[in-house]
Structure formats: structure tokens, C-alpha cells
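Student: This is a predicted model, with the sequence first.
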Amino acid sequence: MLTRRGVTVSVAGLAMWFVARLIGSSGLEIVGIGLGVLPLAAWGSLHFLRQRVVVRRRLTDARVSPGTRLTVDLEVENRAASPSPFLLLEDRLPPALGRPARLVVAGVAGRSIQRVSYTLLPQARGRFGIGPLTIDVGDPFGLTRRRAQLADRDELLVTPEIEDLSRPPDAATAANVGTARARQLLRTGEEYYTMRAYQQGDDLRRIHWPSVARTGALMIRQDEASRRAGGLVFLDNREAALGQSHSASFERAVSCAASVGLLLFRNGFTVRLATSEHPAALQTEEKFLDALAGVGHGRAPSLATSLAHLRAAASSEMSLVLVAAPPASQELASLVRAGTGFGPKLAIFVHPVDPATAPPSRKVQLEARATQASLTLARAGWDCIVLSPTTRLLERWHAPRERPLASNA
């Protein structure tokens, strides 16, 4: 199609030809005809170049964490013998990733490749489709333009925010508090371990160097209790509890589930993931993060069905991690019964709104519900952590317990 410049040149050529006919100037008439034909010639050159330009997209990483800068490389290949004309590339992006990326390629030499790139900085977890890619091909004079769209799409997966619970947030924090909490949840001891060969993805901090020196091969120290035990991470993703997806409380809960789940994985546990809508299913570390990256709020009115599924999956060799909003008083008895068959139990309660910014009456209600839930579960052998939507789990993980908790059954 003609650009604004092309329309202007065509109109000017037609007007010049008309004026030349009126005054009888043959030279001016030739110039007018030339200006009128020029856009048609430019359109013909673009039509000839159809299917000669190929663009391929490549992401530096298809799975990133929030706040990680990502580079998207576009490889423009000109399969024709002559140089390509002016190219304008527009890569469509979802609103969560920003505006569509627009790049200009002045020209690609014949039978050669030129690379351009742009960067993304995703801030929210989720699955995002990048594409399709639109190519606007223009002639050297900018008179015509032809648009083509490539249907290829690439998926970008942004995992939840993950906090490293194995180390304190700062040097001034007592590391032994978080270590004790982890040992209670994982039921491991440094004196009980077995040796196995290193596998890709293992925590390098667990390499047993005396065995490496003796055998010449990388060996991993694996706690005996971890080798046998499993963990179940239950995320109460009901809208009635934590609010809608991408709210502050919902995202904090998803981050907590991912952080504790990754701690279990890195200590050799087999991990299952359950939500208020889906029963527990065995996960790999990659599938676990993928599932949490795409989880949204659920519509279930209560936890009754989910707690029944929890009781069915209970095992004394399995640790239970509950991530939810502080439950109502009528749900506490069912929650205690559901956790009876498990080994170590950890409850992470995330307030649906920040008590510090809530009205006084609402603040009292939120704190009373969290206190009642923590005391009730503590008597049943649970370890409880209460967070506001703006509080990081790492800060409370290494904080001293507010009151003694009963020993696990």
C-alpha cells in the first residue's frame, strides 16, 4: 500500500501532468508521468521481494524469575541476491510485559543475516506469549509499504519470586533460628547421611569433598531421612481467602509456596503440590515452578473438599506445608484433623490485606483470626508463621518464634 509520501508523490505527479497538458509543456508532462509511475515501480519492487525476508526469534532464556532482564534476539535473513529494503519490525507483547517492541533494520545485504535485539524486564509471574511478529517492508524512497505477519510465537514463563531460606537475610540475623526451623520441617540431621553420585542440578554446597578426594568423582551427601521422606505443599488459592491473582497477598502466598517447595527439593524430598481446586500431584522441580507460575485464584467456597483430599494423602513420612490466609474459626477443627496423619507441619498465613493500612476494626479482626489460628494449630504440633502481604518470608523464617510450640507427633 502507499504511504503518505507515496500518496503525495502520486498526487503531485498527476497535478504536474495536468498543468503540463494545459500549458503545452512536454518536458513538464514527462516529469509528471515519471512521478506518477514511481510509486507503482516501488510497489512492484516490494512485490518481487515477497517471501525473501525471514525473521527468527530467539529468547536468551524461556524461564526467568521476576525482575530478571531478558534479551530477545531477532535474526533477519535476506534470501534474495539484492539488498533488502527498509524494514520495520514490530513484536507484539502482552500488556504485562510492556508495549510492542519496534525495531528498524535499514537494509540487509543479499544472502546475509543481520541481528537486532531488545530487552524485557518482567515484573510479574505468569505465562506470556511473545508474538506474532509484524514486518513492514518499505522501498528506498518510502513511497510504499507492505506488511507481513509471522505467526510464530514463543512462550516466556516467569516463575514466582523465590527466597533462599537456607541463609539468613543479613549478617545481624541469627542463622540458627532458620536452621532449626528447616531441620524441624525436613527432619534431617548432619550425622545421618548417605552418599550418591552428583547429578546436574544438585546443590553444590552438599558435595562431600573427602569422598571426592578418595574416589575422584563428585559425590553428594544426602540425608537419610530426606531420601525417604516427602513433602506436600498445599496452596489455598481461593479468591475468598487470598483475593484475586496478582494481588499483593496472592503473590506473596505463591512466592512462599515456591520458596518452601524449593527448599524441600534441594534437600532430596519428593514434593507434591495441591491447591483448593486440584488434589496433590507428584512434581519435579521444573513442573512445580511451572505450575505455580500459572496458578490463578479459584472459586471454591470452602476448604472442605480440599481438606478431605489432604487427609487421603497423609503419611507420617511426609511433611505438610500449608500456605493460606488465616482460616475462619469454623475451618480450624477440620484443618487440625487433616494434618493429624502427617509428620512435620508448617502453616504460613498471609493476611489478605495489610493490617498496618487497614481500618482499626478490620485490623483487630485480621489479627484476632491469625492469633486464634496460630494458637490452635500450635497446640496440634504445627509451626506457624504469619505474614502481611508486604513481609518477605525470609524475614520471618529466621525470626525467633513468638511462643514455644508443641513437639511434632
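Tutor: Nice, thanks for sending it over. Residues are numbered from 1 along each chain as shown.
Student: What segments of the stretch 101-250 of the chain are strands?
Tutor: Chain-ordered strands for the stretch 101-250 of the chain, with DSSP state E, counting those that start in this stretch as the definition, fall at 101-105, 112-120, 126-130, 133-138, 145-150, 154-158, 193-197, 219-223, 230-235.
Student: what ranges of the stretch 51-200 of the chain fall below the confidence cut-off?
Tutor: By pLDDT under 70, the low-scoring segments of the stretch 51-200 of the chain are 51, 139-142, 168-180, 183, 187-194.
Student: give me that answer again for 90
Tutor: Along the stretch 51-200 of the chain, the parts satisfying pLDDT under 90 run over 51-54, 78-88, 96, 104-111, 135-152, 164-200.
Student: C-alpha coordinates for stretch 11-24, CSV please?
Tutor: Taking only C-alpha atoms (Å, rounded to 0.1, in the frame of the first residue of the first chain), the coordinates of stretch 11-24 have been written out as CSV:
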residue,chain,number,x,y,z
VAL,A,11,-1.0,13.5,-6.4
ALA,A,12,1.9,15.8,-7.3
GLY,A,13,2.7,13.8,-10.4
LEU,A,14,-1.0,13.8,-11.5
ALA,A,15,-1.2,17.6,-10.9
MET,A,16,2.0,18.3,-12.8
TRP,A,17,0.8,16.2,-15.7
PHE,A,18,-2.5,18.1,-15.8
VAL,A,19,-0.7,21.5,-15.6
ALA,A,20,1.7,20.4,-18.4
ARG,A,21,-1.2,19.5,-20.6
LEU,A,22,-2.8,22.9,-20.0
ILE,A,23,0.3,24.9,-20.8
GLY,A,24,1.6,22.5,-23.5
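Student: Deepest in the core, which of the strands of the stretch 101-250 of the chain is it.
Tutor: A comparison of the strands of the stretch 101-250 of the chain by mean neighbour count, using mean count of other C-beta atoms under 10 Å, puts strand 230-235 on top with a mean of 25. In short, each C-beta sits where N, CA and C put it, glycine included.
Student: quick one: strands adjacent to it?
Tutor: Within its sheet, strand 230-235 is paired with strand 270-275 (parallel), strand 318-324 (parallel), according to DSSP bridges.
Student: Just send these back as CSV, with mean neighbour count, distance to residue 233 and mean pLDDT too.
Tutor: Written out in CSV, the entries for the strands paired with strand 230-235 read as follows (neighbours: other C-beta atoms under 10 Å; distance: least, C-beta to C-beta, whole Å; pLDDT from 0 to 100):
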stretch, mean neighbour count, distance to residue 233, mean pLDDT
strand 270-275, 22, 5, 94
strand 318-324, 25, 5, 95
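Student: quick revisit: can you say which of the strands of the stretch 101-250 of the chain is nearest to residue 79?
Tutor: Evaluated with C-beta to C-beta, these place strand 112-120 nearest to residue 79, the distance being 9.7 Å.
Student: ok, residues contacting that closest one?
Tutor: Around strand 112-120, the neighbours that count as contacts under C-beta atoms under 8 Å, 6 or more residues apart in numbering are 69-78, 89, 91, 93, 97-98, 101, 103, 105, 108, 156.
Student: Could you tell me which of those count as buried?
Tutor: Applying a neighbour-count criterion of 16 or more other C-beta atoms under 10 Å, the buried members of those are 70, 72, 74, 76-78, 89, 91, 93, 97, 101, 105, 108, 156.
Student: In the stretch 251-400 of the chain, what residue spans correspond to helices?
Tutor: Along the stretch 251-400 of the chain, the stretches classed as helices by DSSP state H, counting those that start in this stretch are 285-293, 304-313, 329-339, 360-379, 393-397.
Student: So which of the ones you listed has the densest surroundings on average?
Tutor: Compared across the helices of the stretch 251-400 of the chain, helix 393-397 shows the largest average neighbour count, a mean of 20 (mean count of other C-beta under 10 Å).
Student: How far away from the center of its chain is that helix?
Tutor: Remark: helix 393-397 is offset 22 Å from the chain centroid, using C-alpha atoms, centre = their mean, to the nearest Å.
Student: Also stretch 273-292?
Tutor: Using C-alpha atoms, centre = their mean, the mean C-alpha position of stretch 273-292 is found 15 Å from that of the whole chain.
Student: how long is that stretch from one end to the other?
Tutor: Counting by C-alpha to C-alpha, to the nearest Å, you get 9 Å between the two ends of stretch 273-292.
Student: that older thread, present the helices of the stretch 251-400 of the chain as a markdown table; the columns should include distance to residue 276 and mean pLDDT.
Tutor: What follows is those, written out as a markdown table (distance: least, C-beta to C-beta, whole Å; pLDDT from 0 to 100):
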| stretch | distance to residue 276 | mean pLDDT |
| --- | --- | --- |
| helix 285-293 | 14 | 94 |
| helix 304-313 | 5 | 87 |
| helix 329-339 | 12 | 91 |
| helix 360-379 | 17 | 94 |
| helix 393-397 | 20 | 90 |
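Student: Could you dump the ones you listed into CSV and include distance to residue 13?
Tutor: Shown next, in CSV, are these (distance: least, C-beta to C-beta, whole Å):
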stretch, distance to residue 13
helix 285-293, 57
helix 304-313, 74
helix 329-339, 79
helix 360-379, 73
helix 393-397, 70
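Student: Tell me, how many residues neighbour residue 52?
Tutor: 17 (other C-beta atoms under 10 Å).
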